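**Q** Attaching a predicted model along with its sequence, questions to come.
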Amino acid sequence: MAQNHLFTKEQIRTANLINLIEFAKSQGYVLENGGRRAYHAMQSGGLYFFKDSNRYFHFSSNTHGGTIDFAMHFCRMTFKEAVAYLLELELPQKVVASSTKERGQLILPDKAPNYRRVEWYLTQVRGIAPEIVSLLMHEKKLYQQDKTGNCVFVGYDQGVARYCSIRGTTPNKPFKQDREYSDKSYPFHLCRYPDSKRIYVCESPIDAMSRATIAKINGQDWEASHYISLGCLSDQALERFLERNPIKEIVLCLDNDANATYSNDSPAPNWGQEAASKYARKYLDLGYSTIKETPNNKDVNEDLYKLRFFETIQHHETINNEHVEQ
């Protein structure tokens, strides 16, 4: 079938009816039970396939869709290439060239002339220590996107930007996006002393910054550890980091998804803690000391928020007591 051929609605519908789960298996994805109505693709950043609807959802990139969408996003096909491949069940030569091409170049968003909104959002809304925000800005791992005011988090490979995660700064209007051509195997990394032997592993950059802030509030030496974010539930960023750094102790601070549900409101697994348990066993077998540090709330930043709340209450109580004594 010619690649420039315009497909009919019926042809597109037929392509989308092809079994997505079987197609994913044919592309090398290893599936495990993800609940009563879903399969989970192992080490995929939260990629789930739903049995009843023939659709997928990917937590890491916040994308979803049917079989054609999956072929486009995960096999790097154009729409025409995806439909042609699914209908003919044979990959045309042009599709081979497209799907096996090298990763494109990551282009970082434009920087704003100042970082005031990002600084306000992270310190006042998220509770991150100003010292930590300032350090990351100085190291160019954090800045404010021009025009939008979004937070931009950057992961590097020996000074070259390889990963970029964008986070909105408007409270109650969440926005998360990975920049095109981001490579999640290069983590967002917070560290003052490179020779540190302990690493805290979180899902998001904000959680990594939050864990360092919690250590600071508790009077611990937050600078004595590394903090990285996976950007998802895959451990590829941790694997790459360990190849280059002499770490002895791994502390897994992944989300506590105890109340997670599927789109139909049926209970879902505690994905974060299941991943934490799996990685704790994996890296223990590889000779590392591993600790699973489960957040008391949904994630590390929510723990920090609650800690800041009680810290404020205690401060006011101290002031009131001083007034009473006077």
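**A** Great, that's in hand.

**Q** Now for residue 212: which residues touch it?
**A** By Cβ atoms under 8 Å, 6 or more residues apart in numbering, the residues touching residue 212 are 129, 132, 190, 200, 222, 225, 227. The way it works is simple: take the backbone N, C-alpha and C, and place the C-beta from them, glycine included.

**Q** Wasn't it part of a strand?
**A** No. Going by DSSP: H, G, I helix; E, B strand; the rest coil, the assignment for residue 212 is helix, not a strand.

**Q** Who are the contact partners of the residue nearest to residue 204 when sequence neighbours are not counted?
**A** Leaving aside its sequence neighbours, residue 204 sits nearest to residue 229 (Cβ to Cβ, 6 or more residues apart in numbering; 5.2 Å). Neighbouring residues of residue 229 by Cβ under 8 Å, 6+ apart: 153, 165, 187, 188, 202, 203, 204, 205, 207, 208, 237.

**Q** so where's this structure uncertain?
**A** Along the chain, the model assigns pLDDT under 70 to residues 1-6, 28, 43-45, 60, 76, 88-103, 261-266, 268, 312-326.

**Q** any idea where the helices of the stretch 201-326 of the chain begin and end?
**A** For the stretch 201-326 of the chain, applying DSSP state H, counting those that start in this stretch gives helices covering 205-217, 236-244, 271-285, 300-325.

**Q** With respect to residue 61, which of those helices lies nearest?
**A** helix 236-244 (14.3 Å; Cβ to Cβ).

**Q** Could you name the helices and strands sitting against that closest one?
**A** Counting contacts by 3 or more Cβ pairs under 8 Å, 6 or more residues apart in numbering; DSSP states H and E, helix 236-244 packs against strand 198-202, strand 225-229, helix 271-285.

**Q** contacting residues around that helix?
**A** The contact list for helix 236-244, computed with Cβ under 8 Å, 6+ apart, reads 43, 155, 184-187, 189, 199, 201, 226, 228-231, 247, 250, 279, 283, 288.

**Q** Just the buried ones from the residues you listed?
**A** 155, 184-187, 189, 199, 201, 226, 228-231, 247, 250, 279, 283, 288 (16 or more other Cβ atoms under 10 Å).

**Q** and the residue nearest to residue 127 when sequence neighbours are not counted, how many neighbours does it have?
**A** Spatially, and ignoring its direct neighbours in sequence, residue 127 is nearest to residue 308 (4.4 Å; Cβ to Cβ, 6+ apart). By the measure other Cβ atoms under 10 Å, the count of residues near residue 308 is 16.

**Q** List the contacts of residue 143.
**A** By Cβ under 8 Å, 6+ apart, the residues touching residue 143 are 111, 112, 115, 118, 137, 152, 154.

**Q** Among the residues you listed, which one lies nearest to residue 31?
**A** residue 154 (32.7 Å).

**Q** if I've got this straight, that closest one is in a helix?
**A** No. Secondary structure of residue 154 (three-state DSSP): strand, not part of a helix.

**Q** what are the bridge partners for it, then?
**A** residue 164 (DSSP bridges).

**Q** just residue 50 next, same as before
**A** Beta-bridge pairing for residue 50 (DSSP bridges): residue 38, residue 55.
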